[in-house]
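S.K.: Next come a sequence and a model predicted from it.
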Amino acid sequence: MRSKQSLVWPKRLHWDKYFRPQSIPEALQILGEFQGKAKLLAGGTDLILQIRNGEIAPKALVDITRIPGLDQITLEGGVIRIGPLVTHTQLSQSPLIREKATALSEGASQLGSPQIRNLGTVAGNIVSGQPGADTTIPLLSLDAKVKVVSKQGERTVPLTEFFLSTGKTVVDSMREMVTEIYFSPLAEDESSVSLRLAKRKALALPILTVSVVVSANMKQRKFNRVKIGLGPVALIPFRPREAEQMFASAPLTDKVIKGAARKAAQEANPRTSLLRGSETYRREVVANLVERGIRQGIERLEVKHG
Ligand SMILES: Cc1cc2nc3c(=O)[nH]c(=O)nc-3n(C[C@H](O)[C@H](O)[C@H](O)COP(=O)(O)OP(=O)(O)OC[C@H]3O[C@@H](n4cnc5c(N)ncnc54)[C@H](O)[C@@H]3O)c2cc1C
């Protein structure tokens, strides 16, 4: 049981310096000068709580919200590019994301409360590395890639290789910065869906978030392929690869959908938790939500193709 003490903020908010760089090189320069003791700040909805809880104590904060051009969503040359400062509100309201990355728009609209969605950014959400984060799971099913820059140069990391363990990613925001997240828009034969089970509608952490991208030939009643993002069901955001394989060129039948949904539940690795329920219950939820997501994906393809 929690002691009364643990409900009290153990520390006052404190840092020595606060910077507002106007460009990416300037932000990286400041990080370099502080040699791992300064941290990037975007919306602050995760970071400020961590500082207040005494989990981290950076000497300086580098507020990147004044750097121009990092809050854009574009579609160019068949690629959707999302700037790191794009907020969850922007994602949920963008007509482009609603049409061409529906699961991401749905995931963002389910996150937190309006205030959190107005402040919280997509880069902050992925860098925080929570296994059930609401924009991470759809981005995982969309096969997103992440551009990361540091003083040493630029690299691109597929989101499937981005997470190391809960709260830890390949990005060290005391030295490097996410500058872009990008992926292909949904093709004609694709639809996508995000579903979330939580205890109540507002401000509840998810028991499970599922995102699917369904590709099917509706005339031949056959799946082409299905991609599934799941969380939190393991230490990091999770793709059930064996379940995904079961859809490859398979007929569009109840048996295939139910069989693959069961396989996803077997592959997941949820543990019994006071907040989210027993392991058995959580596996049941995985099977149910994956099945529901696939069926909704098929319905959307039926609407799309008349
Ligand atoms: C009340 C409340 C409810 C919430 N509900 C949900 C929810 O339902 N679902 C959910 O998924 N999340 C939820 N969150 C978590 C949070 O809002 C999101 O993770 C948010 O997207 C974080 O973005 P931010 O801009 O606020 O990040 P910040 O707090 O500014 O930063 C978070 C981390 O990312 C790093 N960072 C930020 N930008 C960059 C960048 N461009 N490059 C490299 N590193 C960077 C920071 O250094 C820090 O380590 C909730 C938070 C609160 C306080």
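M.R.: It's in. Only a predicted model underlies this, so the values are computations on that prediction, with no experimental measurement involved. Numbering: from 1, shown residues only.
S.K.: which sections of the protein are below the confidence cut-off?
M.R.: 1-11, 200-204 (pLDDT under 70).
S.K.: What helix or strand is Leu208 located in?
M.R.: strand 206-217 (DSSP states H and E).
S.K.: Tell me who's in contact with the residue in the chain that the ligand sits nearest to.
M.R.: The ligand sits closest to Gly124 of the chain, with a gap of 2.2 Å, by C-beta to the nearest ligand atom. Where C-beta positions appear, they are placed from N, C-alpha and C, glycine not excepted. Going by C-beta atoms under 8 Å, 6 or more residues apart in numbering, Gly124 touches Ala42, Gly43, Thr45, Asp46, Leu47.
S.K.: Keep the residues you listed, but drop any that are not near the ligand.
M.R.: Ala42, Gly43, Thr45, Asp46, Leu47 (C-beta under 6 Å from any ligand atom).
S.K.: Format those residues as a markdown table; extra columns: distance to Leu275, secondary structure and neighbour count.
M.R.: Formatted as a markdown table, the ones next to the ligand among the contacts of Gly124 follow (distance: C-beta to C-beta, whole Å; DSSP: H, G, I helix; E, B strand; the rest coil; neighbours: other C-beta atoms under 10 Å):
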| residue | distance to Leu275 | secondary structure | neighbour count |
| --- | --- | --- | --- |
| Ala42 | 26 | coil | 25 |
| Gly43 | 24 | coil | 21 |
| Thr45 | 19 | coil | 20 |
| Asp46 | 18 | coil | 21 |
| Leu47 | 23 | helix | 21 |
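S.K.: From the residues you listed, pick the one nearest Phe247.
M.R.: Nearest to Phe247 out of the ones next to the ligand among the contacts of Gly124 is Asp46 (C-beta to C-beta; 34.4 Å).
S.K.: domain ranges for the protein?
M.R.: What the record gives for the chain is the domain set 15-63, 73-183, 190-304, from automatic domain parsing.
S.K.: any idea which of the ones next to the ligand among the contacts of Gly124 is closest to Ser141?
M.R.: Asp46 (22.4 Å).
S.K.: Give me the neighbour count for Gly306.
M.R.: Number of residues near Gly306 (other C-beta atoms under 10 Å) recorded here: 5.
S.K.: gap between Arg66 and Tyr18?
M.R.: 12 Å (C-beta to C-beta, to the nearest Å).
S.K.: got it, and Val149?
M.R.: 22 Å.
S.K.: of the two, who's got more company?
M.R.: The neighbour comparison of Val149 against Tyr18 (other C-beta under 10 Å) goes to Val149, with 17 against 11.
S.K.: tell me which parts of this protein are close to the ligand?
M.R.: For the chain, the contact set with the ligand under C-beta under 6 Å from any ligand atom comprises 39-47, 49, 84, 111-112, 116, 119-121, 123-125, 127-128, 133-134, 171, 173, 177-178, 203.
S.K.: try 5 Å
M.R.: 39-47, 84, 111-112, 116, 120-121, 123-125, 127-128, 133-134, 173, 177-178 (C-beta under 5 Å from any ligand atom).
S.K.: Out of the residues you listed, list just those in helices.
M.R.: Leu47, Ile116, Ala123, Gly124, Asn125, Val127 (DSSP state H).
S.K.: Out of these, give me the two with the largest separation.
M.R.: Ile116 and Val127 (16.0 Å).
S.K.: The two: which has the busier surroundings?
M.R.: A direct count of neighbours by other C-beta under 10 Å for Ile116 and Val127 places Val127 higher, at 28 against 16.
S.K.: Starting from Leu186, give me the distance back to the more buried one.
M.R.: Counting by C-beta to C-beta - Val127 and Leu186 are separated by 25 Å.
S.K.: same deal with Gly107?
M.R.: 14 Å.
S.K.: Now find how far off-centre whichever helix or strand comes after the strand holding Leu208 is within its chain.
M.R.: For strand 206-217, the following helix or strand on the C-terminal side (DSSP H and E) is strand 222-231. Relative to its parent chain, strand 222-231 has a centroid offset of 16 Å by C-alpha atoms, centre = their mean, to the nearest Å.
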